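Asks: My questions are about this predicted structure, shown below with the sequence.
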Amino acid sequence: MGIDRTTELYESFKSKVEVLSGECFRVKTSNEAAELVCKVMKEKGIENVALLNSPISLKGKFEEQIGEAGITVYTDRFREVTPDAHAGITQVNYAIAELGTLVQAAADANVDDRLCSTLIPIHIALVSTSTMIPTLAETMAILHRLPRLPGFVGFITGPSRTSDIERVLTVGVHGPKQLIVVFVDEQVEEVA
């Protein structure tokens, strides 16, 4: 008996993220995701977090659970709070298994989403397991089949890295130094 296709895609994604020093987890429910995120943030000494509410975070009551863990949660005024926040939590639209890449897609370039995923030292990305896509080519085809082509598409592959300064690899110059990806198996409806 072999592993199912979803598990195969997840394992492929996870291996790619870990090669780039990212962390990757998979849980069954949004509540389990909130518990895991609280545990990881406590282990990393995170004292405050910018939380961009999403279907997964709302269903899992992230704001409440993180607050109960003694971590300050910011859910608005991101221009003010993200420069000093220790971490940011967002939900991304897709995950590309062959690359270990996350995809943010939106009608416009949502500043809050980008601030919570790029201006902070640690990005915690929530992903619905059902949005895992095997290849970049399939991802592009899906984006082009949407009723309206997104005005903003961002690709996130591991923590921020650059080697433009004297060809020396530096992590975290243009974005987060750490990337933590949490896949959630539970189907979560969009919240109105």
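Replies: Sure thing, it's come through. Note that this is a predicted model, so its numbers are computed, not measured.
Asks: Closest to the centroid, which residue in the chain?
Replies: Nearest to the mean C-alpha position of the chain, by C-alpha atoms, centre = their mean, lies A125 at 1.4 Å.
Asks: Give the helix, strand or coil label for that residue.
Replies: strand (DSSP: H, G, I helix; E, B strand; the rest coil).
Asks: Need the per-residue pLDDT for it.
Replies: Turning to A125, the model gives it a pLDDT of 96.
Asks: quick one: the helices in this protein?
Replies: 5-19, 30-43, 55-59, 62-68, 78-81, 111-118, 136-145 (DSSP state H).
Asks: got the ones you listed as TSV, with mean neighbour count and distance to V92 columns?
Replies: All C-beta spots, glycine's among them, are computed from the backbone N, C-alpha and C. Formatted as TSV, those follow (neighbours: other C-beta atoms under 10 Å; distance: least, C-beta to C-beta, whole Å):
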stretch	mean neighbour count	distance to V92
helix 5-19	17	12
helix 30-43	19	13
helix 55-59	20	10
helix 62-68	18	15
helix 78-81	16	17
helix 111-118	20	8
helix 136-145	14	12
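Asks: Any stretches of this structure with poor pLDDT?
Replies: Residue ranges of the chain with pLDDT under 70: 1-2, 109-113, 158-176, 190-192.
Asks: if we go to 80?
Replies: Along the chain, segments meeting pLDDT under 80 span 1-3, 107-116, 118-119, 158-176, 189-192.
Asks: Was I right to think S130 contacts V188?
Replies: No. Using C-beta atoms under 8 Å, S130 is not in contact with V188; the gap is 9.5 Å.
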